[in-house]
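Q: take this sequence and fold it.
(chains A, B, C and D)
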There are 4 protein chains.
Amino acid sequence: MQDQKGDVLKRLAYIEGHLKGVRKMVEADQYCVDILKQTYAIKRAIDKLEGVLMQGHLNGCVRTGFRDGRDEEMIDELSDLFELSRR
Amino acid sequence: MQDQKGDVLKRLAYIEGHLKGVRKMVEADQYCVDILKQTYAIKRAIDKLEGVLMQGHLNGCVRTGFRDGRDEEMIDELSDLFELSRR
Amino acid sequence: MQDQKGDVLKRLAYIEGHLKGVRKMVEADQYCVDILKQTYAIKRAIDKLEGVLMQGHLNGCVRTGFRDGRDEEMIDELSDLFELSRR
Amino acid sequence: MQDQKGDVLKRLAYIEGHLKGVRKMVEADQYCVDILKQTYAIKRAIDKLEGVLMQGHLNGCVRTGFRDGRDEEMIDELSDLFELSRR
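A: Got it, this is the predicted structure:
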């Protein structure tokens, strides 16, 4: 679990750096298409971060939740997450 | 469960009809923007269909899977579905 | 332009066939995860169809629209399409 | 145009702050589902930022590009952006 936390924090640091790069591009009036390509890349990096978080959630809370008989709660939550994940 | 199947089939019939409407628009050389708006709407209808299918999956197979101790299988499958759902 | 129309119609026929396959899977009570994988694939096929339509739109109407001085109209329409394309 | 730049920078600052909030949640071992809800919200905020950037691009570079006869370049670029925008 600590491994996962380290991975998530590393990914967050990378995304924060990427975002700062975008701010510098905007401040320097760089070409809007180049800026857009960077924001798309940031969203893809967030997607991958979410994949790691979801994996941890399934392996941890969801597994335990079903084991503890909190089926309804787990099902509702997963259903919500699927809705949210495609916006 | 039969209720859900009926709902899914009704949604599929609606989507098939919608798609036929798009074909007629293309055959009649209608404005591309109007056609695109319809294909976007069809994808949203498929999103909703997937929501119903996912709800059924969680309430049925996933609940039973965890109850039967097939935790790993359920977790891997859900993890894959999340990856696929955001393309 | 006729080439593009033929391509679009072929893609639509393929998607309609794919959707019928999904209906048969639902009627035969096949595994929900397998059905979901097919609906995801159908959305990806619609994405590609939209790419072809958009290409045609840009090369045809948009090019002509700007040439004819209908800049505002073209800009508003493209802006709307971008909003819609990401739902 | 400066108005747009100010708007974009304000949105970027907001997203950077939001991301820092997510980092604090991860460091404090908060519930993964709550963290995921925040990352989804960040992607939606980036979507809106992209809408502003695209609007500026269409009103500026694209309009000028077509006026200057660089049709092919504009069309290829817009086509690429559409592809990228849906990942």
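Q: Three-state assignment for A:Asp29, please.
A: coil (DSSP: H, G, I helix; E, B strand; the rest coil).
Q: in which helix or strand does the residue sitting nearest the centre point of chain A reside?
A: Centroid check for chain A by C-alpha atoms, centre = their mean gives A:Glu50 as the closest residue, at 2.9 Å. For A:Glu50, the host element (DSSP states H and E) is helix A:32-57.
Q: ok now that helix, how far from the chain's centre?
A: 7 Å (C-alpha atoms, centre = their mean, to the nearest Å).
Q: say whether chain D is contacted by it.
A: Yes - Helix A:32-57 is in contact with chain D by C-beta under 8 Å from any C-beta of the partner chain, via A:32-33, A:35-37, A:39-40, A:42-44, A:46-47, A:49-50, A:53-54, A:56-57. In short, each C-beta sits where N, CA and C put it, glycine included.
Q: would that helix count as contacting chain C?
A: No - judged by C-beta under 8 Å from any C-beta, helix A:32-57 stays clear of chain C, getting no closer than 9.8 Å.
Q: list the helices and strands that helix packs on?
A: Applying 3 or more C-beta pairs under 8 Å, 6 or more residues apart in numbering or on different chains; DSSP states H and E, we find helix A:32-57 packed against helix A:2-27, helix B:71-85, helix D:32-57, helix D:71-85.
Q: list the buried residues in that helix.
A: For helix A:32-57, a neighbour-count test (16 or more other C-beta atoms under 10 Å in any protein chain shown) marks A:32-33, A:35-36, A:39-40, A:42-43, A:45-47, A:49-50, A:53-57 as buried.
Q: surely A:Val52 meets A:Val8?
A: Yes - when contacts are counted by C-beta atoms under 8 Å, A:Val52 is listed as touching A:Val8 (5.9 Å).
Q: any idea how far the residue nearest to the centre of chain A is from B:Arg86?
A: 8 Å (C-beta to C-beta, to the nearest Å).
Q: and what of A:Ala45?
A: 13 Å.
Q: do the same with A:Leu12
A: In terms of C-beta to C-beta, A:Leu12 sits 19 Å off from B:Arg86.
Q: how about A:Glu16?
A: For A:Glu16, the distance to B:Arg86 - C-beta to C-beta - is 22 Å.
Q: try A:Ala28
A: In terms of C-beta to C-beta, A:Ala28 sits 32 Å off from B:Arg86.
Q: of those two, which one has the most company?
A: When A:Ala28 and B:Arg86 are compared for neighbours, B:Arg86 comes out ahead with 17 against 7, by other C-beta atoms under 10 Å in any protein chain shown.
Q: surely the more buried one meets A:Asp47?
A: Yes - in this structure, B:Arg86 is within contact of A:Asp47 by C-beta under 8 Å, at 6.0 Å.
Q: contact partners for A:Tyr14?
A: A:Tyr14 is in contact with A:Ala45, counting by C-beta atoms under 8 Å, 6 or more residues apart in numbering or on different chains.
Q: show me the shaky parts of chain A.
A: For chain A, the stretches with pLDDT under 70 are A:1-2, A:87.
Q: closest point of it to chain B, which residue?
A: A:Phe66 (3.6 Å; C-beta to the nearest C-beta).
Q: in terms of helices and strands, where is that residue?
A: A:Phe66 belongs to helix A:63-67, assigned by DSSP H and E.
Q: Three-state assignment for A:Gly69, please.
A: coil.
Q: just give me the neighbour total for it.
A: Neighbours of A:Gly69 (other C-beta under 10 Å): 10.
Q: gap between it and B:Met74?
A: Taking C-beta to C-beta, one finds A:Gly69 at 16 Å from B:Met74.
Q: common neighbours of A:Glu50 and B:Arg86, please.
A: A:Ser85.
Q: can stretch A:69-78 be said to contact chain C?
A: No - counting by C-beta under 8 Å from any C-beta, chain C has no neighbours in stretch A:69-78; the shortest distance is 13.6 Å.
Q: next, the buried residues of that stretch.
A: A:Asp71, A:Met74, A:Ile75, A:Glu77, A:Leu78.
Q: residues in contact with the third one?
A: Contacts were defined as C-beta under 8 Å, 6+ apart; by that measure A:Ile75 touches B:Leu58, B:Asn59, B:Val62, B:Arg63.
Q: now for the first one: which residues touch it?
A: Read it as B:Leu58. Contacts of B:Leu58 by C-beta under 8 Å, 6+ apart are A:Ile75, A:Leu78, A:Ser79.
Q: how far out from the middle of the chain is stretch A:21-38?
A: Put simply, stretch A:21-38 sits 22 Å off its chain's centre (C-alpha atoms, centre = their mean).
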